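> coords please:
(3 chains)
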Amino acid sequence: MSGRPLTRWRECRPELYPPRGLALWRRAAAVLLGLGLFLWGLDALEVTPGRLIDGIGQLGHVFMLMMPPAVTEHVWDYVRAIGETLAMAFLGTLVASLLSVPLALMGARNIMPFGPVRLLVRRSSDVVRGIDSLVWAIFFVSVVGLGPFAGILAIAMNDTGVLTKLYAEAIENTDREQVKGVRATGAGRMQTIGFGVLPQVMPVLLGNSLYFLESNLRSATILGVVGAGGIGFFLMDRLMISAWREVSLIVIMVLVTVVCIDALSRVLRGRLIGPVGR
Amino acid sequence: MSLSSRCGRPNAAGAKRVLELRALTRRFGNATAVDRVSMAVGDGEMVAVLGRSGAGKSTLLNMINRLIDPSEGEILYHGRDISRLSGAELLAWRRQSAMIFQRFNLVARLSVLTNVLTGRLNHKPRLPKLFGVFNDQERDIAIDALASLGMDEHALKRADQLSGGQQQRVAIARALVQEPRLILADEPVASLDPVNSQAVMEALRRINQERGITVLCNLHSVPLARAWCDRAIALSEGRVIYDGPVGGLDEPTLLAIYGSAAALTEAH
Amino acid sequence: MTDGTLGVRPLHHPQPRAQFARAWAAQKRAHRLQWLSAAVLMMLLIAISAWLGEVKPALLWDRLPRFGSYFGRMVPELALATLGEDLAYWYWNGWQWLASLWQTVLIAIYATLFGAILAYVFSFLAARNLTPAPWVGVAARRTLELARTVPELVFAVLFVFAFGIGPLAGVLAIGLHSFGALGKLFGDVAENADPEPLRGVRATGASWAQTMVYGATPQLMPDYLSYGLMRLEINVRAASILGFVGAGGIGQELYRAIKNFDHTDISAIALMLIAAVMLIDALCGWLRGRVIGREGLRAL
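Next up, the predicted model:
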């Protein structure tokens, strides 16, 4: 811009510039208010810089104690417990996926014309969803006793709530034109659903179920805390007696398992969604 | 048919040669996109780069701006080796060699003004700009640039709400605020209708003549090159086959550039 | 011709049709085999899981009445005539619970906030198309994986040990986990970013960070916000149980009620929790609709 005088556009086009005067004060006040709220919240949560610094020091100390992971004779208990955890996640997800399909159909606007039925299905799934699987686990332990069975039921319960809502939304988002096409061939209601709606949502359902398998594996690892089977029991037990080196062993074993299942799930999703979702 | 007799050193009378390419080469795997290109551009020239699509024009320009790195060869600007720059100096060079793209390459969700202001990102102060803070002086510069292209009334609109010709003018404004020494325009009007093409080429020519900024322009249309540029360089399969005044683009030359009569008519 | 395709031929040419029929049958056989082996595999997995998981359907059937009795004990005594007093009795500790619930929501909000901001930064380091150097990308992705694979409860217990009992441990635990989960989601979105605006900004001489802020962020922000709000919903649920290990919030009250078999307390707290979760879900859902529907975010 050398040699050309700069015009002061501020006078004629003030909206292109940051606010001055009263508007600036208002903006500053809003920022200060936001900051104040933020700090007030931190205080309500008992967060102080002192606690943070002390805590980090403690953490460092604990990390030192965790190395190296101790491979004791308990390792086989842990392996079996991880197997239990995998079983819990797998069956829980399977049952939930199967149960959710008919429930979702009953909760979808384009399939179920009766409002009250839809409402019942959607609200109950909300309730079931709102309660964490850990709480369900406690409940089921008191029904069927300690052990992984309670865990399976807990996961299945929570997931049915989540998947029903998800699937119902997917069904409601199906392309009407494809469904109409099937109906036009003279298909009955059930056939229309089977050939017009389900093929469209199948990739979504499968993909979601696999994704939930990964997620459920993570939740299943802690259900043992309340006696619902799986590695959670050992994890909590060792944590409580501060056996840090065994804790790190368990955590590493869990990490490896989860990473493997994640990779498997990704591969399966790629292969299933490929041919199915064309 | 040899065109070497038509190649020369056709600088505008006495203009100093500021941009030199020496045996510039770029390979992608087994394919050579730019093949030992050597040329020199004088200060304040407006040069058209012609050739079929795939002839290497885009790659050439992207190498000059260092968005792509050369495989071999040198790029010299005022004697400085651009091809070896890195770090802050590289960023500074990119600022000085402003680029204009065929698809405008604006940020769709940001306002026109903010898009132009991104041209100031490599100017000090740098830290506040990470948070969207530009000082009043820089806003002045940006609005000036927009006004010189007739776009200041659209300053607060989202970039994707503008037409193609308008977006390209915003892109030119962005290039202007970089205070560049060189403007590299990669098919600036290929996506525009004839009316807007005129406006954009006219803007580039005006900038070239009023501010003395050297302009290198990839063009797909020979009439445009004749109408707006002093000089033309033609590429074919990555090699320079013509380097001379636009007046020298006669029928046989053009046939060699475009390969066939059919392709030639398309370029008109 | 023996290319086996079904071309336009007069119907009295049996050869190509027979070939086509054979090829179709072979393909169907292979297909069926695939499905069969998949089904067998599935059956096997189910059998093994059922064994490991000690599945006893008969037991469930027997204990079904327990379901009922359990719920029965949780239902409070509410008579229409004395509704006011009955409700007050049921929610005898209502204000305390409300305060704990509020703390739970706060934990979730701060955890999501911290996690999301860190994840935003890391998403650019982890995304393969945006990362400043390949090794940075690998390191960032591994870090995110670690953060989201370790269960929140494990982090929570560790942090309670280090930072003491209270909501701080909860915020850090959920925040760290959210950082990992959101970082991955954000990174996936970032890897699909439109490269043209990025090149446009880079060509002006902008630094890597500036290019991320001006070239990438504007196009990615709606998706980032949407995922962040989704995470908030999840985190409220997570925060509600961290109190089990002393990391603050209503979990502590719930745990106490369960341990002491205060069944009507359990239902009271559970109901409050469900209501809060439904409210937050609705709020986040509405916000997400505004963010995605509203194509024009305020221009910077």
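
> Please tell me how far the residue of the stretch 101-250 of chain A found nearest chain B sits from A:N208.
Among all residues of the stretch 101-250 of chain A, A:N173 sits closest to chain B, at 25.7 Å; criterion: C-beta to the nearest C-beta. (C-beta placed from N, C-alpha, C; glycine too.) Per C-beta to C-beta, to the nearest Å, A:N173 is found 13 Å from A:N208.

> If you count surrounding residues, which of the two has more?
Shown here are A:N173 and A:N208; by other C-beta atoms under 10 Å in any protein chain shown, A:N208 has more neighbours (20 against 12).

> Now the residue of the stretch 101-250 of chain A closest to chain B, what are its backbone angles?
Torsion angles at A:N173 (phi, psi; degrees, to the nearest 10) stand at phi -90, psi 10.

> now what about the helix or strand A:V143 falls within, what contacts it?
Assessed by DSSP states H and E, A:V143 sits inside helix A:133-144. Contact partners of helix A:133-144, identified using C-beta atoms under 8 Å, 6 or more residues apart in numbering or on different chains, comprise A:149-151, A:153-155, A:157-159, A:219, A:222-223, A:225-228, C:56, C:59-60, C:63, C:66-67, C:70, C:241, C:244, C:254, C:258, C:270.

> rerun that using 6 Å as the cut-off
A:150-151, A:153-155, A:157-158, A:219, A:223, A:226-228, C:59-60, C:63, C:66, C:241, C:258 (C-beta atoms under 6 Å, 6 or more residues apart in numbering or on different chains).

> any residue of the helix or strand that it is followed by up close to chain C?
Sequence-wise, the next helix or strand downstream of helix A:133-144 (DSSP H and E) is helix A:148-172. Yes - contact of helix A:148-172 with chain C (C-beta under 6 Å from any C-beta of the partner chain) involves A:148-149, A:152.

> Show me what counts as buried in helix A:148-172.
Across helix A:148-172, burial judged by 16 or more other C-beta atoms under 10 Å in any protein chain shown covers A:148-168, A:170-171.

> Confirm for me that B:L76 is in contact with B:L19.
No - the criterion here is C-beta atoms under 6 Å, and B:L76 misses it with B:L19 at 7.4 Å.

> Tell me where the model's unsure across the stretch 1-150 of chain A.
Along the stretch 1-150 of chain A, segments meeting pLDDT under 70 span A:1-7.

> What parts of it come near chain C?
A:41, A:45-47, A:51, A:55, A:58-59, A:83-84, A:87-88, A:90-91, A:126-127, A:130, A:132, A:134, A:138, A:143-144, A:147-149.

> Distance check, C:I234 against C:A58.
35 Å.

> so where does residue 36 fall, helix or strand?
Since no chain was named, I'll use chain A. Short version, using DSSP H and E: A:G36 is in helix A:22-44.

> meant chain C actually
Using DSSP H and E, C:L36 falls in helix C:14-52.

> Around residue 115, how many other residues sit close by?
Since you didn't name a chain, this refers to chain A. 9.

> oops, chain C please
C:G115: 28 neighbours (other C-beta under 10 Å).

> so which helix or strand takes in it?
Assigned by DSSP H and E, C:G115 falls in helix C:94-126.

> Check which residues of the next helix or strand after that helix are buried.
Per DSSP H and E, the first helix or strand lying C-terminal to helix C:94-126 is helix C:134-149. For helix C:134-149, burial by neighbour count (16+ other C-beta under 10 Å) applies to C:137, C:140-141, C:143-145, C:147-149.

> and the next helix or strand after the helix holding C:L36, anywhere near chain A?
Per DSSP H and E, helix C:14-52 leads on to helix C:57-74 as the next helix or strand towards the C-terminus. Yes - using C-beta under 6 Å from any C-beta, we find that helix C:57-74 touches chain A at C:59-60, C:63, C:66.

> What separation is there between the spatially most central residue of chain A and B:M151?
Nearest to the geometric centre of chain A sits A:S215, at 5.9 Å (C-alpha atoms, centre = their mean). Per C-beta to C-beta, A:S215 is found 50 Å from B:M151.

> So which residues of chain A form helices?
Counting by DSSP state H, one finds helices in chain A at the ranges A:22-44, A:49-66, A:75-107, A:115-130, A:133-144, A:148-172, A:176-184, A:189-192, A:198-223, A:232-240, A:244-276.

> again, but for chain B
So, for chain B - with DSSP H - the helices run B:57-64, B:87-96, B:112-117, B:136-148, B:164-177, B:194-211, B:222-228, B:251-258, B:261-266.

> for those helices, which one ends up most surrounded?
helix B:112-117 (a mean of 28; mean count of other C-beta atoms under 10 Å in any protein chain shown).

> I'd like to know which elements that one is packed against.
Counting contacts by 3 or more C-beta pairs under 6 Å, 6 or more residues apart in numbering or on different chains; DSSP states H and E, helix B:112-117 packs against helix B:164-177.

> Show residues contacting the helix it packs on.
Contacts of helix B:164-177 (C-beta under 6 Å, 6+ apart): B:98, B:100, B:104, B:106, B:112, B:115-116, B:119-120, B:141-142, B:145-146, B:149, B:151, B:183, B:191-192, B:196, B:199-200, B:203.
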